[in-house]
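Colleague: got a structure for you, letters missing:
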Ligand SMILES: O=C(O)c1cc(C(=O)O)c2c(n1)C(=O)C(=O)c1cc(C(=O)O)[nH]c1-2
Ligand SMILES: [Ca+2]
């Protein structure tokens, strides 16, 4: 056979030897017919090669594989083309994203991958450009700016999709205040073909189309001043049977519906799946999963297409496990809700009314008068980590999360350009001891590999993981399911019962979904290993070693590459003494830290190690605190200044809080080891009791 041409027909045909598009084929089932690696021999699977990327932040990409070449994206939207057999770098393209823009990404400087079409490799950049490269050489063919980033701080982290000569791309930014949309571009020229906004603008300026006019009736107040949200930051799926394009629409901006749309309304098309005509972007139908979304419950999660029997009838359906914790079966011919059942612990809604298609909310879901503990958290019961489906078992595999979050309305909402604008406090109740805090986090948020039966709408089995934020999935005809885990293990399970058959330690948390393909008839598995993303940044985990470079790992039967090198111990600088013991100042510092710093530098000032841990920086950082934090002298390294939103007094309060945490950490490290051991045992019991109590929330 000659070289593979990637186009609508070949993506539909879905050859087992290649991995031609993000979700493998247009159904995005992430199932491979390859069975050389199978339940009987997977114990012989070993590393064939590894490739270090240039950075150590989170990796989320699904590589596209064409005739033995891997095309993938790393941090800062850098594209790599690698020989799939040897791991040799064929070319690299760096779009030179300004590091200052990293701050506009809510959830790390990540990218979920490229699209391939007729000799081109197309990808989005963090600063909202769409670029097409020559697949053979990595030379740029065209580049367009997909968003006016001077109006709203847009970012792109998602992989584009291609069909019928068009590239489809959305963007992110609904934590900051943007107006979401998806656009189509000509794959040969980069010329814009159409754009569909997901939320209406100010009605006084007129409507782009009837869908916007209809949507505007479901909003109140002056939402356009805040953008409204509804970003299409992940799932965009072309249905080659029905010739429709489905987009998963994100959360409201700000999160708090009461701030955004004070007199109520469903706020279409937030948290909805919307079907569009791929040729012109015309609205076809929608189904809103979370009306008046108020918890960052995006519907952007993986949209999987399937055919299934429902009530004795063959139906074309969408399977969807969005953040809100319910597994949806939706008729994809018209958007009718067929079924919705909880796949995780949920307390914001009791069930869905199938007559109306609407959730029945619980009385405390809306945190109107006081703070409420809500399940799932803003992290979702499932996030961007891809699911997989095996026709052998009939099961959908979900990288599931069980978690809760305390939602509390901000007192006086103030919209600040380029900052997180949630209308909800991000800080949670403080736990005085860092050991207890870490133990509690692991008790109240958990991750699992969940095998879900979409026909019975119930769990078939579940394998708990050690940590919360685990990787996307791959199912194969070898009877296997592959997954990377937050603790660094790459794992293979039996697809029928979840028995663990194989594991490999990657020395860093793994989030990206694996792919499989052949080169010269031999089957390979590739997965990207690099810790970060939303939870990977926010939930700092104390670790003694520095994070390694984020890597591409490729496995084959009998692979013989050396094990990965151990990482160097982390250098810890002793902090200067505290600068304040005034409880009011420390409280203010904590609250400001959570508003402006924690999304990158981590909860309780514990970072993930790839972003500087502010407790362990050299004295020069503390001596130049205002120059860095207010004036932005380190902006070229990604640390922008905050003088537009913080006063010197406020910066002092943040500094005081950081030094408080740094000195608590120093004192803890100075404690004798037997005392720490006793305390840890005691806290384990406390955490277990509190964790158990929390399961009743
Ligand atoms: O509302 C948005 O525009 C938006 C964008 C993104 C993104 O682009 O990565 C995420 C989210 N929201 C989000 O809510 C979320 O949980 C999330 C996790 C991640 C990640 O890469 O780990 N991105 C995003
Ligand atoms: Ca969001």
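Modeller: Good, I have the coordinates. Remember, it's a predicted structure, so these values are computed and weren't measured experimentally. Ligands and ions are numbered 1, 2, ... in the order given.
Colleague: and the gap between residue 78 and ligand 1?
Modeller: 16 Å (Cβ to the nearest ligand atom, to the nearest Å). Bear in mind the C-beta positions are built from the backbone N, C-alpha and C, glycine included.
Colleague: Touching, that residue and residue 89? I think so.
Modeller: No. Judged on Cβ atoms under 8 Å, residue 78 makes no contact with residue 89 at a distance of 11.5 Å.
Colleague: for ligand 2, what are the nearby residues on the stretch 251-400 of the chain?
Modeller: Residues of the stretch 251-400 of the chain lying near ligand 2 by Cβ under 5 Å from the ion: 251, 296.
Colleague: try it again with 6 Å
Modeller: Contacts of the stretch 251-400 of the chain with ligand 2, taken as Cβ under 6 Å from the ion, map to 251, 296, 298.
Colleague: What helix or strand is the closest residue to the first one other than its chain neighbours located in?
Modeller: So that's residue 251. Distances taken as Cβ to Cβ, 6 or more residues apart in numbering put residue 296 closest to residue 251, at 4.5 Å, once the chain neighbours are dropped. Using DSSP states H and E, residue 296 sits in no helix or strand.
Colleague: could we number from 44 for the rest of this?
Modeller: That works, and once the first residue is 44, the last one we named lands at residue 339.
Colleague: Pull the contacting residues for residue 402.
Modeller: 332-334, 367, 369, 383, 391-392, 394-396 (Cβ atoms under 8 Å, 6 or more residues apart in numbering).
Colleague: end to end, how far does stretch 669-687 reach?
Modeller: Across stretch 669-687, the terminal residues are separated by 13 Å (Cα to Cα, to the nearest Å).
Colleague: How far off centre is that stretch?
Modeller: Relative to the mean C-alpha coordinate of its chain, stretch 669-687 is positioned 26 Å out (Cα atoms, centre = their mean, to the nearest Å).
Colleague: Look up phi and psi at the residue of the stretch 444-593 of the chain found nearest ligand 2.
Modeller: Ligand 2 sits closest to residue 577 of the stretch 444-593 of the chain, with a gap of 8.5 Å, by Cβ to the ion. Note on residue 577: backbone dihedrals following degrees, to the nearest 10 are phi -60, psi -60.
Colleague: Could you do the one 5 residues further on as well?
Modeller: For residue 582, the backbone dihedrals (degrees, to the nearest 10) come out as phi -90, psi 80.
Colleague: Which single residue of the stretch 44-193 of the chain approaches ligand 1 most closely?
Modeller: residue 150 (3.4 Å; Cβ to the nearest ligand atom).
Colleague: contacting residues around that residue?
Modeller: Here residue 150 is in contact with 200, 576-577, 580, 642 (Cβ under 8 Å, 6+ apart).
Colleague: My guess is the residue nearest to residue 294 contacts residue 298. True?
Modeller: Yes. Using Cβ under 8 Å, residue 339 makes contact with residue 298 at a distance of 5.2 Å.
Colleague: In terms of neighbours, single out the busier of the two.
Modeller: Ranked by neighbour count (other Cβ atoms under 10 Å), residue 339 and residue 298 place residue 339 first, with 28 against 24.
Colleague: quick revisit: if we check ligand 1, which of the residues of the stretch 294-443 of the chain next to ligand 2 are in contact?
Modeller: Applying Cβ under 6 Å from any ligand atom to those, one finds that 294, 339, 341 fall near ligand 1.
Colleague: and those as a markdown table, adding pLDDT?
Modeller: Shown next, in a markdown table, are those (pLDDT from 0 to 100):
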| residue | pLDDT |
| --- | --- |
| 294 | 98 |
| 339 | 98 |
| 341 | 98 |
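Colleague: Tell me the one of the residues you listed nearest residue 82?
Modeller: residue 341 (35.3 Å; Cβ to Cβ).
Colleague: what's the burial count for that closest one?
Modeller: By other Cβ under 10 Å, neighbour count at residue 341 equals 32.
Colleague: on that earlier part again, could you dump the contacts of residue 150 to a markdown table with distance to residue 313 and secondary structure?
Modeller: Shown next, in a markdown table, are the contacts of residue 150 (distance: Cβ to Cβ, whole Å; DSSP: H, G, I helix; E, B strand; the rest coil):
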| residue | distance to residue 313 | secondary structure |
| --- | --- | --- |
| 200 | 19 | coil |
| 576 | 22 | helix |
| 577 | 19 | helix |
| 580 | 24 | helix |
| 642 | 21 | helix |
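Colleague: which of those residues are close to ligand 1?
Modeller: Checking those against ligand 1 (Cβ under 6 Å from any ligand atom), the matches are 200, 576-577.
Colleague: ok, back up a step: please identify which of residue 121 and residue 132 sits among more neighbours.
Modeller: Remark: of residue 121 and residue 132, residue 121 carries more neighbours, 21 against 11, as counted by other Cβ under 10 Å.
Colleague: mind checking how far the more buried one is from residue 96?
Modeller: 7 Å (Cβ to Cβ, to the nearest Å).
Colleague: list the contacts for the residue positioned nearest the centre of the chain?
Modeller: Residue closest to the average C-alpha location in the chain (Cα atoms, centre = their mean): residue 427, at 4.2 Å. Residue 427 sits next to 103, 155, 277, 343-345, 515, 576 when contact means Cβ under 8 Å, 6+ apart.
Colleague: Kindly recompute the last result at 7 Å.
Modeller: 103, 155, 277, 344 (Cβ atoms under 7 Å, 6 or more residues apart in numbering).
Colleague: Equivalent analysis for residue 443, please.
Modeller: By Cβ under 7 Å, 6+ apart, the neighbours of residue 443 are 386-387, 424-425, 490-491, 493.
Colleague: Check residue 208 too.
Modeller: 229-230.
Colleague: The residue nearest to residue 294 reaches residue 421, doesn't it?
Modeller: Yes. Shown here, residue 339 and residue 421 form a contact pair, counting by Cβ atoms under 7 Å, at 3.8 Å.
Colleague: before we move on, the earlier item: helix/strand/coil for the residue nearest to the centre of the chain?
Modeller: Following DSSP: H, G, I helix; E, B strand; the rest coil, residue 427 is assigned to coil.
Colleague: hang on, the earlier thing: could you work out the most separated pair of the contacts of residue 443?
Modeller: Using Cβ to Cβ, the contacts of residue 443 span at most 13.4 Å, a distance reached by 386 and 490.
Colleague: Could you dump the residues of the stretch 294-443 of the chain next to ligand 2 into a markdown table with distance to residue 405 added?
Modeller: Listed next are these as a markdown table, based on distance: Cβ to Cβ, whole Å:
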| residue | distance to residue 405 |
| --- | --- |
| 294 | 19 |
| 339 | 18 |
| 341 | 20 |
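Colleague: What parts of this protein come near ligand 1?
Modeller: Counting by Cβ under 6 Å from any ligand atom, the chain sits next to ligand 1 at 103, 149-151, 153, 198, 200, 215-218, 274, 276, 293-294, 339, 341, 422, 426-427, 576-577.
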